[in-house]
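S.K.: Here is a sequence together with a model predicted from it:
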Amino acid sequence: MGVVTNCSQACAEQAAHATGLPFETIISAERAGVYKTDAQAYQAGLDALGLRADEVLFVAGSAHDVPGAAQVGMQVYWSNRLRLQVPRDAKPPFMNEPDLTRLPGFLANAG
């Protein structure tokens, strides 16, 4: 499990550690050298995890992450709290949900 975010590395690490979850990698824009939605930011996360895009489910909290993660081949679970439209010219997310409620059940039944 990893994080890809647009903040500084120090801020990203502080926020990730505050969750108490065991992240294997934390990729900030500072570390990736580019901001999301640049494909290189998402690819940096995949590279750090040592995984292929088809082995990853990207959990997005932003409409911009839907095309960003999909452009490198990741499936996207979009926590679409505001029920926004899928960005124009973006591949629809694998799951477009109002929150994270269904995510644990999906992960439990995956693979």
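M.R.: On my side now, so go ahead. The model shown is predicted, which means the values in this text are computed figures rather than measured ones. Residues are numbered from 1 along each chain as shown.
S.K.: show me where this protein has strands.
M.R.: In the chain, the strands defined using DSSP state E lie at 2-5, 25-28, 57-60, 75-79, 95-97.
S.K.: May I see those organised as a markdown table, with distance to Glu13 added?
M.R.: Just so you know, the C-beta spots here come from the backbone N, C-alpha and C atoms, and that holds for glycine as well. Formatted as a markdown table, the entries for the strands of the chain read as follows, by distance: least, Cβ to Cβ, whole Å:
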| stretch | distance to Glu13 |
| --- | --- |
| strand 2-5 | 9 |
| strand 25-28 | 5 |
| strand 57-60 | 18 |
| strand 75-79 | 22 |
| strand 95-97 | 28 |
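S.K.: would JSON lines of the ones you listed with distance to Ala108, mean neighbour count and mean pLDDT be doable?
M.R.: Putting those into JSON lines (distance: least, Cβ to Cβ, whole Å; neighbours: other Cβ atoms under 10 Å; pLDDT from 0 to 100) gives the following:
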{"stretch": "strand 2-5", "distance to Ala108": "20", "mean neighbour count": "20", "mean pLDDT": "96"}
{"stretch": "strand 25-28", "distance to Ala108": "23", "mean neighbour count": "21", "mean pLDDT": "97"}
{"stretch": "strand 57-60", "distance to Ala108": "13", "mean neighbour count": "20", "mean pLDDT": "96"}
{"stretch": "strand 75-79", "distance to Ala108": "14", "mean neighbour count": "21", "mean pLDDT": "96"}
{"stretch": "strand 95-97", "distance to Ala108": "14", "mean neighbour count": "17", "mean pLDDT": "96"}
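S.K.: With respect to Pro67, which of those strands lies nearest?
M.R.: Taking Cβ to Cβ, strand 75-79 is the member of these nearest to Pro67, at 8.8 Å.
S.K.: which residue is nearest the middle of the chain?
M.R.: Central residue check for the chain by Cα atoms, centre = their mean: the C-alpha nearest the mean position is that of Phe58, 3.8 Å away.
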